[in-house]
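A.B. asks: Have a look at this prediction, sequence included:
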Amino acid sequence: MSSPFLELSHVNVARGESTVLHDVNLTVHPGEHIAILGPNGCGKSTLIKTMTCECYPLVRPETRVRIFGRERWDLTELKKRLGVVSAELPGKPMLTTTGRDAVLTGFFSSSTLWPNLRVTSEMEDRADEVLKLVDATSLVKKEVGAMSAGQQRRVMIGRALVASSGTLLLDEPSNALDLFAQKELQQLMRKLAGQGTTIILITHHLPDIIPEIDRILMMREGRIVGDGPKSELLTEEKLGGLFGTEVALMERAGYYHVS
Ligand SMILES: Nc1ncnc2c1ncn2[C@@H]1O[C@H](COP(=O)(O)OP(=O)(O)OP(=O)(O)O)[C@@H](O)[C@H]1O
């Protein structure tokens, strides 16, 4: 097996006065497709922020965070290589940035294409390739603020992919998307997963768990309480236990729905 893209060993993370991740151990290999599930406040976003080194683990002798085989990173470089997409835009200046420039900002982890940033012709070629991949060529000249939520999400995925090393970290990507845009997002995730992109997805929305996602992490109160194949973890009993409520689960054509 290829060497892991991510290794977290005995990771504890504090935010404010409280420890919010407790003894997290997680190894992810390139090409894996993972969904992280858990109740509000259980630490899912903090786990992603630990991967991007926006949150630091408490210093303990047994603690390790190794990403792409390295423990030390320039943060801008790391964020670029990881390909992070959250439900919010990366800053207000993004609203007046055109689709193509928005994708190019992925090379700089910036919120707009500031005049001092040097864009090479290779970067432009790559941005055009990615715009095509995420089906956003018609948005090249459109300002992000004038796009629908679904269009913005596609462009932000393009921004995340443009300089990434084949990994995508998605934090609740279907938030605020209508049914059509949710389906489009699912199709895009499927295409990227099929091309070998490593996907780590946080979601509260089970249909986001595309058929290609085969590993589920369950988190509760800052701990990983389940890590295994979808067939074992996506059950009424396990989901009910995780969220503390009765769950009726339905699987149709590889997608899961709850009521
Ligand atoms: N900036 C912050 N300062 C202090 N505490 C924070 C901060 N951000 C998050 N927390 C706390 O850390 C804990 C984990 O939050 P986190 O956002 O990682 O959870 P989550 O599982 O992503 O939640 P949700 O599903 O609601 O997005 C929560 O108790 C939260 O209140």
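C.D. replies: Ah, there it is.
A.B. asks: For the residue of the stretch 51-200 of the chain found nearest the ligand, grab the count of nearby residues.
C.D. replies: The ligand sits closest to Glu172 of the stretch 51-200 of the chain, with a gap of 6.8 Å, by Cβ to the nearest ligand atom. C-beta here means a position set from N, CA and C on the backbone, and glycine is covered the same way. Neighbourhood size, Glu172 [other Cβ atoms under 10 Å]: 18.
A.B. asks: Tell me who's in contact with the spatially closest residue to it that is not a sequence neighbour.
C.D. replies: Using Cβ to Cβ, 6 or more residues apart in numbering and skipping the chain neighbours, the partner closest in space to Glu172 is Ala87 (4.9 Å). Residues near Ala87 by Cβ atoms under 8 Å, 6 or more residues apart in numbering: Asp171, Glu172, Pro173, Asn175, Ala176.
A.B. asks: So which of those residues are in helices?
C.D. replies: Among the contacts of Ala87, no member falls in helices (criterion: DSSP state H).
A.B. asks: Just the buried ones among the residues you listed, please.
C.D. replies: Asp171, Glu172, Pro173 (16 or more other Cβ atoms under 10 Å).
A.B. asks: End to end on stretch 209-225, go ahead and measure it.
C.D. replies: End-to-end distance for stretch 209-225, by Cα to Cα, to the nearest Å: 19 Å.
A.B. asks: For it, what is the distance to the chain centroid?
C.D. replies: Centroid separation for stretch 209-225 versus its chain: 13 Å, with Cα atoms, centre = their mean, to the nearest Å.
A.B. asks: Please spell out which residues along that stretch are buried.
C.D. replies: Neighbour-count burial for stretch 209-225, counted by 16+ other Cβ under 10 Å, picks out 209-210, 213-220, 222, 224-225.
A.B. asks: could you give me the average pLDDT of it?
C.D. replies: Across stretch 209-225, the average pLDDT comes to 97.
A.B. asks: close to the ligand, is it?
C.D. replies: No - Stretch 209-225 is not in contact with the ligand by Cβ under 6 Å from any ligand atom; minimum separation 6.6 Å.
A.B. asks: List the contacts of Thr63.
C.D. replies: Ser9, His10, Val11, Asn12, Pro57.
A.B. asks: ok, and Lys80, which helix or strand is that part of?
C.D. replies: Here Lys80, judged by DSSP states H and E, is contained in helix 75-82.
A.B. asks: and that helix, which residues are buried?
C.D. replies: For helix 75-82, by 16+ other Cβ under 10 Å, it's Leu78, Lys79, Lys80, Arg81, Leu82.
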